[in-house]
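Following is a predicted model, sequence given first.
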Amino acid sequence: GAGDAAHVTGESVSGDFFKVLRIRTLLGRAFVESDCQPGKDGVVVLSYGFWQKKFAADRAVVGHKIELDQHAYTIIGVMPKALQYPSWTDVFLPLAPNAQQLANRSEHIYTVVGRLNPGVTTAQAQAEMRTIAERLAHIYPASNLGWSAHVEPLVDNINGDKNPLYFRLVMGATLFVLLVVCANVANLQFARGIARRPEIAMRSALGASRIRLLRQLLTESILLGLVGAAGGLALLGVGLVLIGLILWGSLC
């Protein structure tokens, strides 16, 4: 329905998938529970990249029909650019299992995304899911024996084993920038101290003790550090507000 035939990657998702991720459509609407019923699942939601690439960002695409696996689907929505999960997905289809599929317990092919209740940790959720899996294995040994459930944060699922490495790289780069800034400030203070040698010599000649001179220099350095920290915190607050506004705008 959009030029020549092409190989696309789709994901079948439940009616509340986008609600759980708190993502609003850029165009049209997302799935509702009625879309996830056999015979009523002839609708599709496009990812932002696929909409840009195959439909040239046509804002009138909602309502058009496309053919997927020799079945006709009606486009009901387009996701915003902010939705990058799953990263390989071109189109989203409603998950509408029939009675036979619902009765089949041997297909362990589904990934569940959810939100923890306030105050519940990942470890607590893992313990509860393990208990449920053990109970299912006891009730349905033919299909569930030897199977369990693994709970992990979504960001760990996306980045995999590289997630700790990403954080270390970010922290290392931040620390390197901080060291460069500290070295520059130290050089400036050193140059300023050399320029103030006549002033310090004059104060010493007038009777100022070394402790008093040291206290004066330390007070100036501490005040400079406090002013710099206050300025940094102010910039941090502004940056967080701007990032929040950008993310909120992309989600809406």
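Noted; the coordinates are in hand. These numbers come from a predicted model, not from an experiment.

From here on, just use CA atoms for contacts and neighbour counts.
Fine.

Quick check, central residue of the chain?
The centroid of the chain falls nearest to residue 155 when counting by C-alpha atoms, centre = their mean (6.4 Å).

gap between that one and residue 167?
With distances taken as C-alpha to C-alpha, to the nearest Å, residue 155 is found 12 Å from residue 167.

Let me know the secondary structure of the residue nearest to the centre of the chain.
Recorded secondary structure, residue 155: helix (DSSP: H, G, I helix; E, B strand; the rest coil).

go on, residue 113?
Recorded secondary structure, residue 113: coil (three-state DSSP).

ok, now which ones touch it?
Listed by C-alpha atoms under 8 Å, 6 or more residues apart in numbering, the contact set of residue 113 reads 17, 20, 154.

ok, now with 6 Å
Shown in contact with residue 113 (C-alpha atoms under 6 Å, 6 or more residues apart in numbering): no residues.

Put the alpha carbons of stretch 133-151 into CSV.
Extracted in CSV, the C-alpha atoms of stretch 133-151 (Å, rounded to 0.1, in the frame of the first residue of the first chain):
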residue,chain,number,x,y,z
ALA,A,133,6.3,-19.5,38.1
GLU,A,134,6.9,-22.3,40.6
ARG,A,135,3.2,-22.5,41.2
LEU,A,136,2.5,-22.8,37.5
ALA,A,137,5.2,-25.4,37.1
HIS,A,138,3.5,-27.5,39.8
ILE,A,139,0.0,-27.1,38.2
TYR,A,140,1.1,-27.5,34.6
PRO,A,141,4.3,-29.7,34.7
ALA,A,142,4.1,-30.7,31.1
SER,A,143,4.5,-27.1,29.8
ASN,A,144,5.9,-25.1,32.7
LEU,A,145,8.3,-27.4,34.4
GLY,A,146,11.8,-25.9,34.3
TRP,A,147,10.6,-22.5,33.3
SER,A,148,10.8,-19.4,35.4
ALA,A,149,10.4,-15.6,35.0
HIS,A,150,13.2,-13.0,35.0
VAL,A,151,12.5,-9.4,36.0
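
ok, and what's touching that stretch?
By C-alpha under 6 Å, 6+ apart, stretch 133-151 touches 105-106, 126, 130.

now the closest residue to residue 71 other than its chain neighbours: how far from residue 73?
Closest residue to residue 71 apart from its sequence neighbours, by C-alpha to C-alpha, 6 or more residues apart in numbering: residue 42 at 8.0 Å. Per C-alpha to C-alpha, residue 42 is found 5 Å from residue 73.

go on, residue 164?
Using C-alpha to C-alpha, one gets 41 Å for the distance from residue 164 to residue 73.

who's more crowded, these two?
Ranked by neighbour count (other C-alpha atoms under 10 Å), residue 164 and residue 73 place residue 73 first, with 19 against 11.

Report the contact partners of that one.
Applying C-alpha under 6 Å, 6+ apart, we find residue 73 in contact with 42-43, 65-66.

partner residues bridging it?
In this entry, residue 73 is beta-bridged to residue 66, by DSSP bridges.

what's the distance between the host helix or strand of residue 202 and the middle of its chain?
Per DSSP states H and E: residue 202 is located in helix 197-205. The chain centre lies 57 Å from the centre of helix 197-205; the measure is C-alpha atoms, centre = their mean, to the nearest Å.

Likewise for stretch 26-45?
Put simply, stretch 26-45 sits 25 Å off its chain's centre (C-alpha atoms, centre = their mean).

What's the mean pLDDT across stretch 33-46?
Averaged over stretch 33-46, pLDDT sits at 87.

what ranges do the strands span in the stretch 1-150 of the chain?
Using DSSP state E, counting those that start in this stretch, the strands of the stretch 1-150 of the chain run over 10-13, 27-28, 43-46, 65-68, 71-78, 91-94.

Turn the ones you listed into CSV, including distance to residue 200.
Formatted as CSV, the strands of the stretch 1-150 of the chain follow (distance: least, C-alpha to C-alpha, whole Å):
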stretch, distance to residue 200
strand 10-13, 73
strand 27-28, 70
strand 43-46, 72
strand 65-68, 82
strand 71-78, 70
strand 91-94, 73
